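Asker: Need a 3D model of the following:
(one chain, ligands or ions: 1)
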Amino acid sequence: MRIGIDLGGTKIEILCLNEAGDEIYRKRITSPQGDYQKTISSIRNLVINAEKATGRVGTVGIAIPGTISKHTNLVKNANSTWLIGQPLSQDLQSILKRDVRIANDANCFALSESTDGAGENFETVFGVILGTGVGGGLIVNGHALQGINSIAGEWGHNPLPWAGEDERFGSNCYCGLNGCIETYLSGPGLARIFENLYGTSISAIDIATQPDEIKNTVFALYENRLARALASIINVFDPDIIVLGGGVSNIERWYETVPNLWNQWVFSDQCDTLLAKAKYGDSSGVRGAAWLWPL
Ligand SMILES: [Zn+2]
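Answerer: Here you go, the predicted structure:
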């Protein structure tokens, strides 16, 4: 069987696919925060338990935030910062006693959605994860672009475009810069809008339960920023479709409001790019991870 693991900032998910590609096992746990060794042992336990439950042995593909540096073989660019600089690939190969394949989570997500999800039958897809962090993956004719620096699609660490006066400086980002798109469009970025406006902090999920007036004010600012950030991708990559995943993608109004807003920044008389929600939900990345190994 093929085993996929999505190593996220808040959860780790495992999925097992049989030879026909059908799902035969799935489990999700909370990510150990700030602890690399616990992350490794959690992954080992997930694989052992999955193989015990299914009675099979599998290939292992893992979707991670960030990527593996070609120069050092260590993790770079992960918003789960406790992974940065760690020999994740070597450690997992030795603890699982097999080769593992590792790829960027947004690339796995975008590949899954372009293969048989919301981006199926489109030549070019930009897959976006709006979660603990913000990642992007560029798909052309069914293949994820890696890039010579393994950072193709990493739009979350560009600055927010067409920034207003109050957006110029922005919050500090773990990457060392400030005002990155990720600091505005991640779940914590959405929650920060509420905090700045109303002086108390609540989680991004709880904003949806606020009275209409409050909710609409917060969402209007967020979707304006999302439309600007996506317009900058459309101006460079001009994709057929943009697919959103991650926890923040579950807010339905983006799919109506954002394509109406982005026209004002897209350098075209009209914009035919579609915006869609991921078909496989916020766990689409785990399918792309399983597919890192061929049948
Ligand atoms: Zn950044």
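Asker: now the residue of the stretch 1-150 of the chain found nearest the ion, what's its secondary structure?
Answerer: For the stretch 1-150 of the chain, the nearest residue to the ion under the criterion C-beta to the ion is Asn79, separated by 8.6 Å. For glycine as for every other residue, the C-beta is placed from the backbone atoms N, C-alpha and C. Per DSSP: H, G, I helix; E, B strand; the rest coil, the secondary structure class of Asn79 is coil.
Asker: so it makes contact with Gly133?
Answerer: Yes. If you go by C-beta atoms under 8 Å, Asn79 and Gly133 touch, sitting 3.5 Å apart.
Asker: okay, and the common contacts of those two?
Answerer: Shared contacts of Asn79 and Gly133, defined by C-beta atoms under 8 Å, 6 or more residues apart in numbering, comprise 9, 65, 182.
Asker: what residue lies at the spatial centre of the protein?
Answerer: Central residue of the chain (C-alpha atoms, centre = their mean): Ile129, 3.0 Å from the mean position.
Asker: Let me see the backbone angles for that residue.
Answerer: Per-residue torsions, Ile129: phi -100, psi 120 (degrees, to the nearest 10).
Asker: what are the bridge partners for it, then?
Answerer: Gly135, Gly245 (DSSP bridges).
Asker: thinking again about what came up before, what about Asn79 and Gly133, which has more around it?
Answerer: Set Asn79 next to Gly133 and count neighbours by other C-beta atoms under 10 Å: Gly133 wins out with 29 against 24.
Asker: doesn't Ile181 make contact with the more buried one?
Answerer: No. The criterion here is C-beta under 8 Å, and Gly133 misses it with Ile181 at 10.3 Å.
Asker: hey, what's in contact with both of the two?
Answerer: Jointly contacting Gly133 and Ile181 under the rule C-beta under 8 Å, 6+ apart are Gly156.
Asker: burial measure for the closest residue to Ile193 other than its chain neighbours, as a count.
Answerer: Counting by C-beta to C-beta, 6 or more residues apart in numbering, Ile193 lies nearest to Val218, which is 5.0 Å off, once chain neighbours are set aside. Look at Val218: counted by other C-beta under 10 Å, it has 22 neighbours.
Asker: Which residues are in contact with Val218?
Answerer: By C-beta under 8 Å, 6+ apart, the contact list for Val218 reads 190, 193-194, 197, 207, 210.
Asker: what does the stretch 101-250 of the chain have sitting close to the ion?
Answerer: 157, 173, 175, 180 (C-beta under 5 Å from the ion).
Asker: PyMOL command for the buried members of those?
Answerer: Buried residues among these (16 or more other C-beta atoms under 10 Å), as a PyMOL selection:
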select buried, resi 157+173+180
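Asker: nearest to Pro294, of the residues of the stretch 101-250 of the chain next to the ion?
Answerer: Nearest to Pro294 among those, counting by C-beta to C-beta, is His157 at 31.4 Å.
Asker: That closest one and Gly189: what is the separation?
Answerer: His157 sits 13 Å away from Gly189, going by C-beta to C-beta, to the nearest Å.
Asker: Show me the beta-bridge partners of Ile14.
Answerer: Applying DSSP bridges, one finds that Ile14 bridges with Ile5, Lys27.
Asker: Quick check: it touching Ala50?
Answerer: Yes. Taking contacts as C-beta under 8 Å, Ile14 lies within contact range of Ala50: 5.5 Å.
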